[in-house]
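Asker: Turn this into a structure:
(2 chains)
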Number of protein chains: 2
Amino acid sequence: METHFHEELSRLRDKVLHMASLAERMIQNSIQGLVQKDDEIRKKVFITEEEVNQLQIDIDDRCCKLLALHQPVAQDLRMILAALKICSDLERIGDQAVNISEQSAELIRQPPVKPLIDLPRMSEIVQEMLREAIDSFVHSDADMARNVLLKDDDVDHLKDQIFRELLTYIMQDPTVTARAISLILISRSLERIADHATNIAEDVIFMIKAKDIRHHAGE
Amino acid sequence: METHFHEELSRLRDKVLHMASLAERMIQNSIQGLVQKDDEIRKKVFITEEEVNQLQIDIDDRCCKLLALHQPVAQDLRMILAALKICSDLERIGDQAVNISEQSAELIRQPPVKPLIDLPRMSEIVQEMLREAIDSFVHSDADMARNVLLKDDDVDHLKDQIFRELLTYIMQDPTVTARAISLILISRSLERIADHATNIAEDVIFMIKAKDIRHHAGE
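Answerer: You can find the predicted model right below:
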């Protein structure tokens, strides 16, 4: 029974890892589709979304069964609850990548407002945050999780920079307004993804330390 | 032991109800502060946020203890897991109200772009969705929960209408750009609150029916 339980926990971890790698690929494809004006890459996001949604249902189901059948306590209980929360964040990260891809549909058919440099950079940081947050979960590494929290400021900074710059483009030429606002909304989606990666990191620290650091990240 | 457990469950429900009423007040104050250009009302949101954050930690803690000490199954287990998810959505609703209040800080010091009619209407629908989602949780009412899902379309419709209208204001007069984008971002925050209310309603249906309707709302 015990071996079986720990095998199940390890399978749960693998599922979360797989779901996270799909979510990361969705972010990458959504931004790559925009930057390279490639409709094929952009549309991949919608296909991966199906898979991510199915995985969330699967992981949720596994967590419920593990809780009901094995009634775990302490560290194991916290790990299962963390998995439950993480998969909900991953699903929402997927939703944001879908938002970006939808927002890009029109954009890639029109002349560019400006060369896209900050958005791909922002996307890279955000993907790194997600990767580290999930690694910290798999390896129960609180230091790595804390590292994720620090990067959130870089993302906020880039988001503000993108906003201010695009505003000047609109002022100079109001015909770019709709396109510039699309780019601003895409940067907000990336910011939300960073927030989800931050949530995951906080859940991992809670799982390890059994101490709630949420709402105290800055202290 | 059993009586004690059911008392604890009932206390948990009360806590969720209280947290939801605070979150709803945050939405109301954030929009009222903007519409009435009232800095006092606007700032109330930041104070209530503290309380909401504390409640999330409290509810999380109660859920963990109930799971660890009583090892509930079936309906009770699903109710506790639903509470765990709902309080995370409520906390994020609070975050969005904070975003709206922050966004308003500059806005209420400047001349209005246009009379605000659609935003307060959108806010009312969103508050109603939240109230119904929480009522459906407290009364285990799946029909009421399903009703919430239907209203999400109205919110999306209003969001698109606000976007298109503000775009025409920018085209006519680029000096309103920053203010108009602020209003667009506020409408996106309300949309995100509606998404969270929808998540809550889906969790309630799952709790009642033990059947996953997520990702199938439209079917």
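Asker: What sits closest to the residue in chain A that chain B sits nearest to if chain neighbours are left out?
Answerer: Closest approach between chain A and chain B, counting by CB to the nearest CB: residue A:71, at 3.6 Å. For glycine as for every other residue, the C-beta is placed from the backbone atoms N, C-alpha and C. Counting by CB to CB, 6 or more residues apart in numbering or on different chains, residue A:71 lies nearest to residue B:71, which is 3.6 Å off, once chain neighbours are set aside.
Asker: what's the answer for residue A:104, then?
Answerer: residue A:34 (4.2 Å).
Asker: Can you tell me the element the one you found falls in?
Answerer: Using DSSP states H and E, residue A:34 falls within helix A:2-35.
Asker: For the following helix or strand past that helix, what is the distance to the chain centroid?
Answerer: Counting by DSSP H and E, the next helix or strand C-terminal to helix A:2-35 is helix A:39-70. Per CA atoms, centre = their mean, to the nearest Å, the displacement of helix A:39-70 from the mean C-alpha position of its chain is 14 Å.
Asker: Give me the mean pLDDT for helix A:39-70.
Answerer: For helix A:39-70, mean pLDDT is 94.
Asker: So which other helices or strands are in contact with it?
Answerer: Applying 3 or more CB pairs under 8 Å, 6 or more residues apart in numbering or on different chains; DSSP states H and E, one finds that helix A:39-70 contacts helix A:2-35, helix A:74-107, helix B:74-107.
Asker: With mean neighbour count and mean pLDDT added, can I get these in JSON lines?
Answerer: Formatted as JSON lines, the helices and strands packed on helix A:39-70 follow (neighbours: other CB atoms under 10 Å in any protein chain shown; pLDDT from 0 to 100):
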{"stretch": "helix A:2-35", "mean neighbour count": "18", "mean pLDDT": "95"}
{"stretch": "helix A:74-107", "mean neighbour count": "21", "mean pLDDT": "94"}
{"stretch": "helix B:74-107", "mean neighbour count": "21", "mean pLDDT": "94"}
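Asker: Out of these, which is closest to residue A:62?
Answerer: Nearest of those to residue A:62, taken as CB to CB: helix A:2-35 at 5.4 Å.
Asker: can you give me the angle the closest one makes with helix A:39-70?
Answerer: 160 degrees (axes from the mean of the first three to the mean of the last three CA atoms, to 10 degrees).
Asker: what packs against helix A:2-35?
Answerer: The helices and strands touching helix A:2-35, judged by 3+ CB pairs under 8 Å, 6+ apart, are helix A:39-70, helix A:74-107, helix A:118-138, helix A:177-209.
Asker: Does the residue of chain A closest to chain B touch residue B:66 like I think?
Answerer: No - using CB atoms under 8 Å as the test, residue A:71 is too far from residue B:66 to be in contact (11.8 Å).
Asker: which one of those two has more residues nearby?
Answerer: residue B:66 (22 against 16; other CB atoms under 10 Å in any protein chain shown).
Asker: My guess is the more buried one contacts residue B:5. True?
Answerer: Yes - if you go by CB under 8 Å, residue B:66 and residue B:5 touch, sitting 7.5 Å apart.
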